[in-house]
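Trainee: Build me a model from this:
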Amino acid sequence: MNRYTYNASDDDLVAWNSNFTSRIGDGSGDPEEDYLSALRIVAASKPDAAILEIGCGLGRIIRVMNHAGAIVGLEPDTERFQASHASLHDGERLQILNCTSTQYKSNHPQQRFGIVVVSMVIQHVPTTTCEQILRDVHDLLAADGLAVVATTQQDEERFTYQADQTHRSVDEFDAYAVESSSQTCGIPVRQFSKTSFLAALDRSGLSVVRWGQFSYLRPEKVAWFAKWMGSRPGAIQDVASSQYAILKRAA
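Mentor: Numbers count the residues shown, from 1 in each chain. Predicted structure coming up:
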């Protein structure tokens, strides 16, 4: 992959999240509540494990897990790396590195982690890069380790761009995604189905311990999203926009 550039605004993503609900209780909670709780449970279950986060961005998930053990965060985008490095990196317990998982694996062939996290990353990269990241998760995970991978979810798999929901072929999507420095329609967004997500995990040699979904559309937003996505309200109203899996290495 060429030098990676992340072409999305974090402020815009915060505003975007206002379209979603947790569906816990009265639906007024954090749309990511179930996912963030799963991360905290995994971290608490392995209090001494070293953690690797692939695509750590500005360090939000690292802060959520609030882990006492060693943490390595990988961020290939230069600006986001610089920001997270300045706020989190201490060079000892917590290291933020400007590289991909494949580069890290090549430079540290013996390193393994008790916990590996990939949070909302694999949908924004070429399909071949997605497969490579998931293989890296497998290879960097300790034999008794747990991984958590989160991504998009829809009723069926679609390949789109952030500012243009026209359905693309895999080849079109990959050509756009690989040139991250010149993306004119925002970041590429692969909308995984549950089936396509689980199949990708299986191909990488990872076994699902628990699957979950989060960030449901608010009822008043369903019709608009269905039209925007080229779907039907009935097909998406009960499918959360995101999904995650807690994983172990397959036997």
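Trainee: Distance check, L58 against D174.
Mentor: The span separating L58 from D174 equals 27 Å under the rule CB to CB, to the nearest Å. Backbone N, C-alpha and C define where each C-beta goes, glycine included.
Trainee: can you give me the strands in the chain?
Mentor: Here the chain has its strands, by DSSP state E, at 20-21, 51-54, 71-74, 94-97, 113-119, 141-152, 158-161, 188-191, 206-214, 216-217, 242-249.
Trainee: May I have the worst-scoring helix or strand of the chain on mean pLDDT as CSV, with CA atoms only?
Mentor: Using mean pLDDT, DSSP states H and E, the weakest-scoring helix or strand in the chain turns out to be helix 10-16, at a mean of 75. This file holds the C-alpha atoms of helix 10-16, laid out as CSV (Å, rounded to 0.1, in the frame of the first residue of the first chain):
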residue,chain,number,x,y,z
ASP,A,10,-13.3,13.4,13.3
ASP,A,11,-15.7,16.3,14.0
ASP,A,12,-17.9,15.1,11.1
LEU,A,13,-17.9,11.6,12.5
VAL,A,14,-19.1,12.9,15.9
ALA,A,15,-22.0,14.6,14.1
TRP,A,16,-22.7,11.5,12.0
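Trainee: how far out from the middle of the chain is it?
Mentor: Taking CA atoms, centre = their mean, to the nearest Å, one finds helix 10-16 lying 16 Å from the centre of the chain it belongs to.
Trainee: quick one: which of the strands of the chain is nearest P31?
Mentor: strand 20-21 (3.9 Å; CB to CB).
Trainee: Give the residue spans of the stretch 151-251 of the chain that score low on pLDDT.
Mentor: By pLDDT under 70, the stretch 151-251 of the chain has no low-scoring segment.
Trainee: For it, which segments count as helices?
Mentor: Along the stretch 151-251 of the chain, counting by DSSP state H, counting those that start in this stretch, helices occupy 170-178, 194-203, 222-229, 233-236.
Trainee: which helices and strands does the first one pack with?
Mentor: In other words, helix 170-178. helix 127-140, strand 158-161, strand 188-191 (3 or more CB pairs under 8 Å, 6 or more residues apart in numbering; DSSP states H and E).
Trainee: for the third one, same thing?
Mentor: Under the contact criterion of 3+ CB pairs under 8 Å, 6+ apart, the helices and strands touching helix 222-229 comprise helix 233-236.
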